[in-house]
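Colleague: here's a sequence, model it:
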Amino acid sequence: MGHLDHAAYGWLTPALSYVMASIGAALGLRCTVRALAATTGTSRRNWLLTAASAIGTGIWTMHFVAMLGFHVTGTEIRYNVPLTILSLLVAMIVVGAGVFAVGYGKDRGRALVLGGLTTGLGVASMHYLGMAALRLHGSVSYEPLTVGLSVAIAVVAATAALWAALNIKSPVAVAVASLVMGGAVSSMHYTGMLAVAVEVTPSDAALPGATAMQFIFPLAVGLGSYLFITSAFVALSPTADEREASAMASADLRLGERAATAPTG
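Modeller: As a prediction, this is how the structure comes out:
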């Protein structure tokens, strides 16, 4: 049995993965709030697409940043590139299905249950697809009860996040909900990792796939940059209330100008 180290670089990878999960959750929640307040179908669709990409990207980046600290004594680790990319696509698509269920659902309660279940299963699918991309000298097995617990945490966390998007409008409250969501997603990851056992088979044969630094790290940096840039865009983009207030102020200003220039007598 190989010794597993889930934090080979100390608290660096757990802390950084938590930050990425929280940023993705914050951006996704803000975009969902904007979508629900949108006055046109196109605007709602675009905000929901951004929300899905943000949450999916944040969760994927969290997972693989955490995996940078995953080491197994007695074997090197490689990653199957197509499966790793597939895990990212699954995260975005399935999370997108959940977000759209909430964004367009007529019955809020039913939409929340369906969206939370779909999004949570998407998070879990991404995690275990990412684990399936592992290549090492030996075999990987899982403890079923702990796997089930990790999936349950993912579903509960996703449902809570979508509930927050439906019911919380204040930026401060969204920020707090995002920190909770980030913690829940990180907990799901490390709970899932506790289910892992590796039976190492010593070998000098070259492993297929890419190392974490060759593939995972550059991709995680790129996706992390996308999250930061998109967060800045959303923060600077006016909300529906701000646009309405600006329009009212402009209308009042025009009325004032007309009154000032109107002929008297």
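
Colleague: using PDB, list the CA coordinates for the helix or strand where A177 lies.
Modeller: Using DSSP states H and E, A177 maps to helix 171-194. Provided in PDB are the C-alpha atoms of helix 171-194 (Å, rounded to 0.1, in the frame of the first residue of the first chain):
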ATOM      1  CA  PRO A 171     -23.000  41.700  -2.200                       C
ATOM      2  CA  VAL A 172     -21.800  41.200   1.300                       C
ATOM      3  CA  ALA A 173     -24.200  38.300   1.800                       C
ATOM      4  CA  VAL A 174     -23.200  36.800  -1.500                       C
ATOM      5  CA  ALA A 175     -19.500  37.000  -0.400                       C
ATOM      6  CA  VAL A 176     -20.300  35.200   2.800                       C
ATOM      7  CA  ALA A 177     -22.200  32.500   0.900                       C
ATOM      8  CA  SER A 178     -19.300  32.100  -1.500                       C
ATOM      9  CA  LEU A 179     -16.900  31.500   1.300                       C
ATOM     10  CA  VAL A 180     -19.200  28.900   2.700                       C
ATOM     11  CA  MET A 181     -19.600  27.300  -0.800                       C
ATOM     12  CA  GLY A 182     -15.800  27.300  -1.200                       C
ATOM     13  CA  GLY A 183     -15.400  25.500   2.100                       C
ATOM     14  CA  ALA A 184     -18.100  23.000   1.100                       C
ATOM     15  CA  VAL A 185     -16.600  22.200  -2.300                       C
ATOM     16  CA  SER A 186     -13.100  21.900  -0.800                       C
ATOM     17  CA  SER A 187     -14.500  19.600   1.900                       C
ATOM     18  CA  MET A 188     -16.100  17.500  -0.800                       C
ATOM     19  CA  HIS A 189     -12.700  17.200  -2.600                       C
ATOM     20  CA  TYR A 190     -10.800  16.100   0.500                       C
ATOM     21  CA  THR A 191     -13.600  13.800   1.700                       C
ATOM     22  CA  GLY A 192     -13.400  12.100  -1.700                       C
ATOM     23  CA  MET A 193      -9.600  11.900  -1.400                       C
ATOM     24  CA  LEU A 194     -10.000  10.100   2.000                       C
END
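
Colleague: number of residues surrounding Q214?
Modeller: Q214: 13 surrounding residues under other Cβ atoms under 10 Å. In this view, the C-beta of every residue, glycine as well, is placed from N, C-alpha and C.

Colleague: the chain should start at 42 in everything you say after this.
Modeller: From this message on, residue numbering opens at 42, which makes the last subject Q255.

Colleague: any idea how far it is from T125?
Modeller: 11 Å (Cβ to Cβ, to the nearest Å).

Colleague: who does the helix holding A218 touch, helix- and strand-wise?
Modeller: helix 53-78, helix 82-108, helix 149-173, helix 185-208 (3 or more Cβ pairs under 8 Å, 6 or more residues apart in numbering; DSSP states H and E).

Colleague: what's the closest of the ones you listed to L260?
Modeller: Closest approach to L260 among the helices and strands packed on helix 212-235 is made by helix 82-108 (7.5 Å; Cβ to Cβ).

Colleague: between that closest one and helix 149-173, how many degrees?
Modeller: For helix 82-108 against helix 149-173, the angle by axes from the mean of the first three to the mean of the last three Cα atoms, to 10 degrees is 40 degrees.

Colleague: now helix 82-108, how far from the centre of its chain.
Modeller: Averaging C-alpha positions (Cα atoms, centre = their mean, to the nearest Å) puts helix 82-108 5 Å from its chain's average.

Colleague: likewise for stretch 44-58?
Modeller: Distance, centroid of stretch 44-58 to centroid of chain: 19 Å (Cα atoms, centre = their mean).

Colleague: before I go, just wanted to say thanks for your time.
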